[in-house]
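Chemist: The following comprises the amino acid sequence and a computationally predicted model.
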Amino acid sequence: MQAFRNCGLCASGSLLKGRTDFLVARRNMAVLRLSAACVQLLKDKANVFCRSPVHQRLLRVPKVARSDTVAFSLGCSLCAVPFTQVENLSHESLIRRASCLVTDSANTYLSQTTLALVDALTQYAKALHTLIALQKRYITSIGKLTPAEEDSIWQVIIGQRVEVGDRLEECRRFESNWMNAINICELSAEAAYNSGAEHACTATKANLQVAQCKVEELRKISKKAEKKLAETKAEEIQRMAEYASSIDITDLEDIPEAYLRED
């Protein structure tokens with residue numbers, strides 16, 4: 001049947017063009033011949049089917065039985081079609097879906113704030129270690145530098161201390177956002193559990209644990225660096241006192257300005 005329709009459409013389209021353009025007359029005739037061949041083929045197939053024993057037996061079946069057979073075959077065909085079962089849109093299901101969306105957004109917020117805080121803590125620890133290295137270099141060179149060299153190294157140390165302060169302020173700012181993300185994730189996990197979305201609750205709690213462990217690890221590294229810097233400052237004060245006691249100080253103005261500067 002589909003072939004017949006295609007042939008009919010081709011023929012009609014070709015004939016319409018042929019009315020205005022005589023140059024395509026041969027093609028129109030070829031299309032007509034092809035259409036006639038298709039019709040003849042369909043007739044032959046129909047005659048073979050009508051002469052078949054199955055068709056003859058179907059003709060002897062009563063009308064009621066034939067209608068039932070058609071209905072049964074149609075029902076079987078519908079049973080073969082896959083249907084997607086739609087979840088009941090009750091209040092509980094809508095709340096459960098909404099809680100899952102909340103947990104997804106909370107996890108995204110937690111991921112971004114954790115990444116920012118971890119990066120800030122890493123940069124802060126690097127700045128601390130750089131300052132420690134400068135302090136140690138200065139301690140080993142006390143009494144060996146000229147006033148110009150001493151002023152130069154102190155300018156570098158002061159600049160690094162400013163860098164450490166900026167990094168620390170950045171850590172505090174990102175930590176505030178991170179704490180808000182922690183609280184939001186905890187609330188969203190509780191809401192997901194109460195609504196019946198246990199999988200969303202479990203995933204959020206797992207993300208919370210990973211984020212807290214990572215931040216705690218970087219905090220420990222920063223604390224160790226701060227402790228090391230404090231020890232270096234104490235060592236510097238002790239070394240300066242030893243150097244001052246080893247020389248004869250007659251005038252306080254002879255003491256370099258760096259020695260009188262408070263850290």
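Modeler: Cool, got the structure.

Chemist: Low-confidence regions, the stretch 1-150 of the chain specifically.
Modeler: Per-residue confidence for the stretch 1-150 of the chain (pLDDT under 70) gives these ranges: 1-88.

Chemist: Recalculate using a threshold of 80.
Modeler: Applying pLDDT under 80 to the stretch 1-150 of the chain flags residues 1-89, 143, 145.

Chemist: can you map out the strands along the stretch 101-250 of the chain?
Modeler: Using DSSP state E, counting those that start in this stretch, the stretch 101-250 of the chain contains no strands.

Chemist: ok, for residue 167, nearest residue in space, not its chain neighbours?
Modeler: Excluding the flanking residues, the one nearest residue 167 by Cβ to Cβ, 6 or more residues apart in numbering is residue 124, at 4.0 Å. Backbone N, C-alpha and C define where each C-beta goes, glycine included.

Chemist: residue contacts, that neighbour?
Modeler: Residues near residue 124 by Cβ atoms under 8 Å, 6 or more residues apart in numbering: 164, 167-168, 170-171, 222.

Chemist: How about residue 125?
Modeler: Shown in contact with residue 125 (Cβ under 8 Å, 6+ apart): 218, 221-222, 225.

Chemist: What is the nearest of these to residue 128?
Modeler: Nearest to residue 128 among these, counting by Cβ to Cβ, is residue 225 at 3.8 Å.

Chemist: And for the closest one, the neighbour number?
Modeler: As a burial measure, residue 225 scores 20 neighbours (other Cβ atoms under 10 Å).

Chemist: State whether it and residue 132 are indeed in contact, as I suppose.
Modeler: Yes: Residue 225 is within contact range of residue 132, at 7.2 Å (criterion: Cβ atoms under 8 Å).

Chemist: circling back to that earlier point, who wins on neighbours among the contacts of residue 124?
Modeler: residue 171 (23 neighbours).

Chemist: got the residue ranges for the helices in this protein?
Modeler: With helices called from DSSP state H, the chain shows them at 2-20, 25-50, 53-60, 63-80, 91-140, 147-195, 198-246, 257-260.

Chemist: and the shortest one, average pLDDT?
Modeler: Spelled out, it's helix 257-260. Averaged across helix 257-260, pLDDT comes to 51.

Chemist: Surely residue 174 is in contact with residue 115?
Modeler: No: using Cβ under 8 Å, residue 174 is not in contact with residue 115, being 9.4 Å away.

Chemist: More neighbours: which of the two?
Modeler: A direct count of neighbours by other Cβ under 10 Å for residue 174 and residue 115 places residue 174 higher, at 20 against 14.

Chemist: who touches that one in this structure?
Modeler: Counting by Cβ under 8 Å, 6+ apart, residue 174 touches 113, 116-117, 120.

Chemist: Which pair of the contacts of residue 125 spans the longest distance?
Modeler: By the measure Cβ to Cβ, 218 and 225 form the most distant pair in these, at 10.7 Å.

Chemist: before we move on, the earlier item: want to try TSV for the contacts of residue 125, with distance to residue 209 as columns?
Modeler: As requested, these are exported to TSV (distance: Cβ to Cβ, whole Å):
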residue	distance to residue 209
218	16
221	19
222	21
225	25
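
Chemist: Give the buried residues for stretch 108-126.
Modeler: Of all the residues in stretch 108-126, those buried under the rule 16 or more other Cβ atoms under 10 Å are 109-110, 113-114, 116-118, 120-121, 124-125.

Chemist: For residue 96, see how far away residue 90 is.
Modeler: Taking Cβ to Cβ, to the nearest Å as the measure, residue 90 falls 9 Å from residue 96.

Chemist: More neighbours: which of the two?
Modeler: Neighbour totals were compared for residue 90 and residue 96, and residue 96 leads with 18 against 9 (other Cβ under 10 Å).
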